[in-house]
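Chemist: show me how the following folds:
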Amino acid sequence: MNLFVSLSEKPAVKTDGCNDLRKRFLLKQRRRFFTVAAYACFLTAYPFPGPTARAEETPEYHTPLAGEACDIECLGRKATLLQRNRENTRAFVLGGSLFAPELAGHSFIPIGALYYKHRFDDIRVRGTFSLLVNELDASKTLGKFQILGHLDNNTIPFASSEIEEGSEVKATALKWGTVNGRLGVGYRLPVSPYQTDNDLRVQLFYQAGYLYSRRTADTGAGMLLPPDTMVQGALFRIRYDALQRNLMELPHQGIATGLDAEYLHRDNWSDANYGAGLFTKAQTQDYLKLSGYLNIATGIPLLSERNRLLTSFYGGFAPYGTLDRFSTFRVGGGPIPSEADDLERQVFPGAVFSQFPVSGYLIGALEYRREIFSFLYLHLRGTYARVRRERFEGDEGNYLGESGQVLSTGLTSGFLWRSLLHLEYSYDSKILRSGSRGSNMILLWSKSF
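Modeler: Here you go, the predicted model:
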């Protein structure tokens, strides 16, 4: 689940649209932003030495890694960082996501969450909390085996509508939510480079939850909702994380991959219609979902360790059963995941959180990152996505295949009071706004305590 959870999904009041002057201004700013970012990458990637410099006089540079004691230097000033226990962390995250032009009625979405991670000898606890959307995991280690527990809820009391062609579909407005729990067993084996998040985990869960939905004043008259129900089934999960992370907790070197296989049954179910097509009970009462990811971080030949190349691939589909509005994969925006327990989250930068309910998806990204200082990183990223998203209007049937691209650039930096600041700008293609292009700016501030 996303650490950076939106505090509100209630749509903002729509404006009269962006006038030509604002569009021209945004276009100029976007061009300037990408030009400056690309030029900065060029200058920092090729630090041409002066006429008296000698290669043998320059010691080989090594990027400071997360949690390790190190000496850092910036503009002639030096500082010593002590070793940090990364198994015990408390932090809060505040920020927001800005859309221009607005996306599905949203011009700005606030973001906030509390993060907690702690190890009590053989018991590990991790949680993310944002009042209405929360998640808690716990495990007890017995040698190389584990007893596992999980709780989560998504119980936002506001009506939420789906997004079609970049606009909110009022007729799909519902109040709905879930409360879930899992119990399971697992096998955990530490792997190189043997940091707290480097391991191989194989897990099997029994899970049960409750799904509810309620009509609102805007719900379409022809919408047919299924009954509230218990949902139960099995979850099989594999996780492998051999990533080294830098001082800002960003992947620096290595590989991480994972696979999920989830089979669920709805105890009390019926036919349903959420918009463009009918979902029958026989199609949707039982379903199997498969998903996986692969992340690779490596150096670039002939360049120093300050230059990194990162690739990622995400995919998911349903080989059995038909996914509906409440069971689909959800592809949305937000910051790119880097924490071990968040790597499964698929992201299309520039989108609203959970924007696309999809029955299948493929997302690939290629990123260049430059270490300007040991606490300041600049990145350029290209992302491509192919999805089969659910339809809520028109006559095309339940799902429609679409593809899109987005370019992103941003900074991740240490900040005042030993905090972390993340700023990213994204320029997206037609997939988000019905053929129109747009921009997104996301700003996050994180402080440990």
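Chemist: residue 134 against residue 153, yeah?
Modeler: Yes: counting by Cβ atoms under 8 Å, residue 134 touches residue 153, with 5.6 Å between them. In short, each C-beta sits where N, CA and C put it, glycine included.
Chemist: list residues touching both of these two?
Modeler: Here residue 134 and residue 153 have no joint contacts, going by Cβ atoms under 8 Å, 6 or more residues apart in numbering.
Chemist: any low-confidence regions in this protein?
Modeler: Applying pLDDT under 70 to the chain flags residues 1-58, 394-397.
Chemist: redo that, cut-off 80
Modeler: Applying pLDDT under 80 to the chain flags the ranges 1-59, 74-76, 165, 275-276, 393-398, 429-430, 434-435.
Chemist: for the stretch 251-400 of the chain, which segments are assigned as strands?
Modeler: For the stretch 251-400 of the chain, the strands defined by DSSP state E, counting those that start in this stretch occupy 251-266, 272-273, 278-279, 286-299, 307-320, 329-331, 356-373, 376-390, 399-415.
Chemist: helix or strand next in line after the helix or strand harbouring residue 201, which one?
Modeler: Residue 201 is part of strand 199-215 when elements are defined by DSSP states H and E. Next in sequence after strand 199-215, counting helices and strands by DSSP H and E, comes strand 229-241.
Chemist: other SSEs contacting that following strand?
Modeler: Using 3 or more Cβ pairs under 8 Å, 6 or more residues apart in numbering; DSSP states H and E, the elements in contact with strand 229-241 are strand 174-190, strand 199-215, strand 251-266.
Chemist: hmm, who's touching it?
Modeler: Defining contact as Cβ under 8 Å, 6+ apart, one finds that strand 229-241 is touched by 178, 180, 182, 184, 191, 197-211, 255-269, 340, 343.
Chemist: for stretch 364-371, same thing?
Modeler: Applying Cβ under 8 Å, 6+ apart, the set of residues contacting stretch 364-371 from outside is 40-41, 44-45, 63, 246, 250, 300, 305-314, 336, 377-385.
Chemist: what are the buried residues along stretch 211-226?
Modeler: Of the residues in stretch 211-226, 211-213, 219-220, 223, 225-226 count as buried by neighbour count, 16 or more other Cβ atoms under 10 Å.
Chemist: what of stretch 233-242?
Modeler: For stretch 233-242, burial by neighbour count (16+ other Cβ under 10 Å) applies to 233-235, 237, 239-242.
Chemist: same thing with stretch 76-88?
Modeler: Neighbour-count burial for stretch 76-88 flags 81, 86 (criterion: 16+ other Cβ under 10 Å).
Chemist: could I have that stretch exported to CSV, CA atoms only?
Modeler: Presented in CSV, the C-alpha positions along stretch 76-88 are these (Å, rounded to 0.1, in the frame of the first residue of the first chain):
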residue,chain,number,x,y,z
GLY,A,76,33.9,23.2,1.2
ARG,A,77,32.0,22.3,4.3
LYS,A,78,32.3,18.8,5.9
ALA,A,79,29.9,16.8,8.1
THR,A,80,30.1,13.4,9.8
LEU,A,81,27.0,11.2,9.8
LEU,A,82,26.6,8.5,12.4
GLN,A,83,25.4,5.0,11.7
ARG,A,84,21.6,4.8,11.8
ASN,A,85,19.3,1.8,12.7
ARG,A,86,17.0,1.5,9.7
GLU,A,87,14.9,-1.2,11.4
ASN,A,88,13.4,1.4,13.7
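Chemist: gap between it and the chain center?
Modeler: The chain centre lies 27 Å from the centre of stretch 76-88; the measure is Cα atoms, centre = their mean, to the nearest Å.
Chemist: same question, stretch 196-205
Modeler: Using Cα atoms, centre = their mean, the offset of stretch 196-205 from its chain centre is 20 Å.
Chemist: just the strands from the stretch 51-200 of the chain, written as ranges.
Modeler: 70-74, 77-81, 89-103, 106-120, 123-129, 133-142, 145-154, 163-164, 167-168, 174-190, 199-215.
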